[in-house]
Every structure is written in C-alpha cells, then in structure tokens.
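Colleague: Have a look; sequence and predicted model below, questions after that.
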Amino acid sequence: MSDDRPLDEQVLFRCQNAVAWITLNRPEAHNAITPDQRNRVIDLLAEASADLATRAVVLTATGKGFCTGADLRGGGQAAAPARPAGAPERAVGDVSRMLRIGAQRLIAAILDCEKPVIAAVNGTAAGIGAHMAFACDLVLAARSARFIEVFVRRGLVPDGGGAYLLPRLIGLHKTKELMFFGDSLPAEQAAALGLVNLVVDDDRLEEVATEWAGRLAAGPTRSIALTKWLVNRSLESDRAAAFDDEAVAQELNMSTHDAQEGVASFVERRDPQFQGW
C-alpha cells in the first residue's frame, strides 16, 4: 500500500510540556511500518536523547492498529544493491545486514534512548510492532489492544529482538508458547504476564499516557536515564559488574543539578524542583 504523503505526516511528532510524542500515522495500513518511517522514528528518538528540553517520550499510533509489523510494500524501501552479471539476486549476508540496519536498529534506539519511553498501545501490535512496545520502559495498553508474535504464521523466525526481550520479560516457557503458536494475546492477559504495566479503557489511553509522561518529565531526567541504563545492563551482568555499574552511575548522577536539588530539598523540607540536568 503506497503512501505519497510527506514522511512527517506518516510519523507525527510534537513536543508538549517536555514530552515528545511520536505517533505512527498510517491507520489505513494498521501502521505497518516502512523503512522510511522506521528511520524517522530512530532519528526522533536520537533527537529526544540529545534534547535537554525533552524529558520523556510517548510512542503511540492512530487508528485501530499500533503497528502490525514491517510493511515492505508500503514504499520507502532501500534500493537493491548492485549485482555483477550472473550474481544471485540475494547473496549470503543480505538478510542479516538488512536486520542489523533495520529492525534491530529500531529496537536498540528505544532501549538506548536516554529519556524514558512509554508505549501507548492503541490496538494490534504484531511482529516488530509488539517488540517496539516491549522495548519501551513502560507499556500502557488500551483494553482492545492485543499482541501477536505473528512470525510463525508466515514460517518466519522472530526478529526485532523478540527472542532477546521476551525471555527476560516473561521467561522461556511463555515466550516459546507465544512464539510457537502465534496466538493473539489480549491486553489483559499481556498485563497478567508482566508485558503491560496498565490496561485502560480505549478512550482514556491518551489521557493516562499524558499523565504518566508528565510525571516522568517532572522528575530528575538524568537520574532516570542512569536508572534505565543500570536496569537494562543488569540483565547481562554478574553481581560484580552490576555493583561496578551502580558505583559509576552514582558517581555520574551526583554531579547533576537534580541530585543536588534532591538532597537540598530533603534537608530544607520542601518539594524538589528538578530541571532535567
């Protein structure tokens, strides 16, 4: 399904009250994501990381689908690499390279964003769409939302970091169940498994996402960023490495304005006024 609209209409962006809203906006395709749209999301997350005025991010979508996976038919595809005469159309290494610069780079951009990222899942999240949500720091889901490890239905292996994310979130056996069968997982069941923080009525999703993002944006941004870094790294660390990381994070954080303000406000018995640096 081709989309000739400018890219900034296919992936909307606004920053309001220190919260960056990144909204997939191709509801007619249930927000299946094209390479160009994926690259814009990656760029916007990088900009949010670097921008001191941005203190939280919300990733959401329009219509009834959050993101139903990669849409390689939707335009914005990279040109095929040049091939010598007689060479095969697909060479060994092409697929892995495509994944590294594509789906894996998108998931890494969410995991590595220096600001807390909230997924506000408004509808079906399938394939890479589900993994985008699971990579976020907090996940809100509309009651009508559902999550699908759709790959097995097409005879494919999960990509976009799914086999990395899900075992760490829900364990091996539930991961295999979801990936082997490809069944639709309703929002309430996803919450019971720990994949979703909170399920809300559909008409309250934006309201609750705004509230949560506002609380994060009013917090000590660098402290939250370092906390995110510590928690994510702990999944691959032994105790000694985790303790070392903790010491480094504490050292870095104590040089920030907000850490000094937090201590001063405690001593002075007043509410802290965090600035985000």
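Modeller: Received it, and whenever you're ready, just let me know what you need. Quick caveat, the model's predicted, so the values are computed rather than measured.

Colleague: Which residue ranges of the stretch 1-150 of the chain form strands?
Modeller: With DSSP state E, counting those that start in this stretch as the definition, the stretch 1-150 of the chain shows strands at residue ranges 11-16, 19-24, 56-61, 65-67, 117-121, 124-126, 138-142, 146-148.

Colleague: With R40 as the reference, name the closest of those.
Modeller: For the strands of the stretch 1-150 of the chain, distance to R40 was read as CB to CB. The smallest value, 4.6 Å, belongs to strand 11-16. Bear in mind the C-beta positions are built from the backbone N, C-alpha and C, glycine included.

Colleague: got the contact list for that closest one?
Modeller: Residues outside strand 11-16 that contact it (CB atoms under 8 Å, 6 or more residues apart in numbering) are 20-25, 37, 40-41, 44, 53-54, 62.

Colleague: can you do 10 Å?
Modeller: Residues from elsewhere that reach strand 11-16 (CB atoms under 10 Å, 6 or more residues apart in numbering): 20-26, 31, 33-34, 36-41, 43-44, 47-48, 51, 53-55, 57-58, 60-62, 210, 213-214, 217.

Colleague: which of these count as buried?
Modeller: Burial of these was assessed by neighbour count (16 or more other CB atoms under 10 Å); the buried members are 20-26, 31, 33-34, 36-41, 44, 48, 54-55, 57-58, 60-62, 210, 213-214, 217.

Colleague: just to revisit the earlier point, of the contacts of strand 11-16, which belong to helices?
Modeller: When DSSP state H defines the helices, the subset of these inside them is 36-41, 43-44, 47-48, 210, 213-214, 217.

Colleague: so which two of the residues you listed are the farthest from each other?
Modeller: Farthest pair in these (CB to CB) is D36 and G214. Separation: 30.7 Å.

Colleague: Look up how far K64 lies from the closest residue to L216 other than its chain neighbours.
Modeller: Distances taken as CB to CB, 6 or more residues apart in numbering put A56 closest to L216, at 4.0 Å, once the chain neighbours are dropped. Distance of A56 to K64, computed by CB to CB, to the nearest Å: 25 Å.

Colleague: Who has more neighbours out of the two?
Modeller: Between A56 and K64, counted using other CB atoms under 10 Å, A56 has the larger neighbour count: 28 against 16.

Colleague: Check what pLDDT the more buried one gets.
Modeller: Note on A56: pLDDT of 98.

Colleague: what's across from it in the sheet?
Modeller: For A56, the beta-bridge partners are V19 (DSSP bridges).

Colleague: isn't it right up against E211?
Modeller: No. The pair A56 and E211 does not pass the contact test of CB atoms under 10 Å, sitting 11.3 Å apart.

Colleague: In a markdown table, list the strands of the stretch 1-150 of the chain along with distance to W229.
Modeller: Below are the strands of the stretch 1-150 of the chain laid out as a markdown table (distance: least, CB to CB, whole Å):
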| stretch | distance to W229 |
| --- | --- |
| strand 11-16 | 23 |
| strand 19-24 | 19 |
| strand 56-61 | 16 |
| strand 65-67 | 26 |
| strand 117-121 | 13 |
| strand 124-126 | 25 |
| strand 138-142 | 16 |
| strand 146-148 | 26 |
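
Colleague: among these, which is nearest G262?
Modeller: Ranking the strands of the stretch 1-150 of the chain by proximity to G262 (CB to CB) places strand 56-61 first, at 18.0 Å.

Colleague: Tell me, how many residues neighbour R153?
Modeller: Using other CB under 10 Å, R153 has 13 neighbouring residues.

Colleague: give me phi/psi at it?
Modeller: phi -70, psi -20 (degrees, to the nearest 10).

Colleague: residues contacting it?
Modeller: R153 neighbours (CB under 10 Å, 6+ apart): A126, G127, F181, G182, D183.

Colleague: Mind checking which of these are in helices?
Modeller: Of the contacts of R153, the ones assigned to helices by DSSP H are F181.

Colleague: of the contacts of R153, buried ones?
Modeller: A126, G127, G182.

Colleague: Arrange these in TSV, one row each, with pLDDT as further columns.
Modeller: What follows is the buried ones among the contacts of R153, written out as TSV (pLDDT from 0 to 100):
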residue	pLDDT
A126	98
G127	97
G182	98
